[in-house]
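just coords:
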């Protein structure tokens, strides 16, 4: 006859948490000890499913706290919480998303054409990386393989093999 596993009692000062691996989305219910703003120690069974990037949610909480596993010992792991940039410190009006998209950037007369990769993007702008970007004029057309039309943009900054573009989605029709 099979016996059900009996959960170990939670030690005094320990908190019941749900830990989730952010890469595999596997979850484990465990306990957190020494919980603070900087991190905690997770202990219990099943911690082997957690890799480096995790999120921890306190029992009864609405949101997860992102963290990074920094150490492993038999029966427990140590976690340091990530301190994300708060919106008041972010200069951009919109959040940028990490992407990898090949693109071609041209001047408005289409005489200069440079291959590049878009590495982060939002609705109003993007960062591109490639060779020769310092030669770009102020106004450009951005051709992305998955888009039907080019997008008009302004070069806001260039630094080495990177450049920042402000995008104007409505103006692309006039240049086709």
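Happy to help now that I have it. The structure presented is a predicted model; accordingly, all values stated were derived computationally and were not measured. Residues are numbered from 1 along each chain as shown.

the lengthiest strand in the chain pairs with which strands?
Determined from DSSP state E, the single longest strand within the chain is strand 97-107. Strands that pair with strand 97-107, judged by DSSP bridges, come out as strand 113-121 (antiparallel), strand 139-144 (antiparallel).

okay, now the unreliable bits of the protein?
1-13, 84-93, 171-176 (pLDDT under 70).

mind giving me the domain ranges of it?
The chain breaks down by automatic domain parsing into domains covering 15-81, 89-175.

reformat these as JSON lines; add mean neighbour count.
Where you see a C-beta, it was placed from the backbone N, CA and C, and this is true even at glycine. What follows is the domains of the chain, written out as JSON lines (neighbours: other CB atoms under 10 Å):
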{"stretch": "domain 15-81", "mean neighbour count": "16"}
{"stretch": "domain 89-175", "mean neighbour count": "15"}
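
just to revisit the earlier point, could I get the strands paired with strand 97-107 as CSV with distance to residue 71?
CSV is the format used below for the strands paired with strand 97-107 (distance: least, CB to CB, whole Å):
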stretch, distance to residue 71
strand 113-121, 31
strand 139-144, 42
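
so what sits opposite the nearest residue to residue 64 once chain neighbours are set aside in the bridge?
Distance criterion CB to CB, 6 or more residues apart in numbering; nearest residue to residue 64, sequence neighbours excluded, is residue 55 at 3.7 Å. Beta-bridge partners for residue 55, by DSSP bridges, are residue 20, residue 66.

now find how far off-centre the helix or strand harbouring residue 70 is within its chain.
For residue 70, the host element (DSSP states H and E) is strand 65-73. Mean-position distance between strand 65-73 and its chain equals 17 Å (CA atoms, centre = their mean, to the nearest Å).

OK, contacts around the residue nearest to residue 64?
With contact set as CB atoms under 8 Å, 6 or more residues apart in numbering, residue 55 has these partners: 19, 20, 22, 64, 65, 66, 67.
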